[in-house]
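Novice: requesting a structural model of the entry that follows:
(one chain, ligands or ions: 1)
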Amino acid sequence: MASAIIRGLVKHGHKSEHILVCAPSQHTRSRLVKEFNVRVHSDNSAAVAFADIIILAVKPFIVPLVCDELRPLLGQLNEQRGDQGGEQKLVISIAAGLTHASISDKLPRNTQLVCAMPNLPTAIGKGLTGLYVPGHLDRQAFDDAEQLMRAVGDTVWLEDENQMASIVATAGSSPAYFFLFLEAMEKAAIAQGLPPKTASKAVLQSAMGAVSMAMASKEGLANLRHQVTSPKGTTEQAVLAFQHGDLDALVARAMDSAARRAKELALG
Ligand SMILES: NC(=O)c1ccc[n+]([C@@H]2O[C@H](COP(=O)([O-])OP(=O)(O)OC[C@H]3O[C@@H](n4cnc5c(N)ncnc54)[C@H](OP(=O)(O)O)[C@@H]3O)[C@@H](O)[C@H]2O)c1
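Specialist: You can find the predicted model right below:
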């Protein structure tokens, strides 16, 4: 995930010498220097002295350990900046399933912390990131968090942390739903006699075309569907088959299960 964000930032014109990556293994540090020419360090506290924005991109169970390393210097520098009327440093966590309060508790009081939940297509710059902060955030920090995650796709701000579970169900897990649906279409097309390569191309290109049309259009999804569904035509037959199988209820059940699991994981 960190590599994806660095790639996005560099692609959007951020200078690689303005990015410092802290990672324990020499292997990872060398890989990142080779790939992006960024600065690297083995000590996490180096990030606090170096950066205005610190991204926690480690596995969730490592977040408390990293916060312990950041806390002393972060508290000291934020206090100095506060005394001088300057901006506080911004911390962005992308760790799945950790609440804002659980991370905030590990950082100095008044640290500006944004919780971000990116999804897998972030890796190719087409992600969707849910962003959450309770209460007030400086305008600059708000813009910085948004601009940073926009380097790897689009963003949505959530008003309530409970909505993070729905972002997981809608964006985090959904690439797998789409893969599953496309896989089923591919199998059906092959069963109807299309060669596998042709089936795969027809399915993927149609999915991309449909999504591109939906994103370019001001019509809602239902209107677009009606436009390609002529009465007594072929599409109508397929849509009726989906509706008789109660596709809406099935999708709602699947997404409720994903959201419920996200809430369970957040409780630890
Ligand atoms: N992957 C996804 O699709 C996705 C989606 C949403 C959110 N997330 C969240 O993103 C975070 C990272 O996930 P990932 O899939 O990118 O994990 P990952 O590939 O395992 O990367 C984790 C990185 O953390 C570094 N690290 C380990 N211990 C560290 C420490 N003590 N201090 C500093 N760095 C340390 C590792 O460096 P070394 O290589 O040197 O050990 C490694 O490069 C997780 O919290 C995950 O929940 C991931």
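Novice: and for Phe36, the neighbour number?
Specialist: Neighbourhood size, Phe36 [other C-beta atoms under 10 Å]: 17. Bear in mind the C-beta positions are built from the backbone N, C-alpha and C, glycine included.
Novice: in contact with it, which residues?
Specialist: Ile6, Arg7, Val10, Ser16, Ile19 (C-beta atoms under 8 Å, 6 or more residues apart in numbering).
Novice: list the contacts of the residue most central in space within the chain.
Specialist: Central residue of the chain (C-alpha atoms, centre = their mean): Pro118, 0.9 Å from the mean position. Pro118 makes contacts with Met1, Ala4, Ile5, Ile94, Gly127, Leu128, Thr129, Met149, Val152, Gly153, as judged by C-beta under 8 Å, 6+ apart.
Novice: chain neighbours aside, what residue packs nearest to it?
Specialist: Thr129 (4.3 Å; C-beta to C-beta, 6 or more residues apart in numbering).
Novice: equivalent analysis for Val168, please.
Specialist: Nearest one to Val168, counting by C-beta to C-beta, 6+ apart, is Ala262 at 4.0 Å.
Novice: when you check the ligand, which of the contacts of Pro118 turn up near it?
Specialist: Restricting the contacts of Pro118 to those adjacent to the ligand (criterion: C-beta under 6 Å from any ligand atom) gives Met1, Ile94.
Novice: so which of the contacts of Pro118 comes closest to the ligand?
Specialist: Met1 (3.4 Å; C-beta to the nearest ligand atom).
Novice: ok, that closest one touching Ile94?
Specialist: Yes. Counting by C-beta atoms under 8 Å, Ile94 is a contact partner of Met1 at 5.9 Å.
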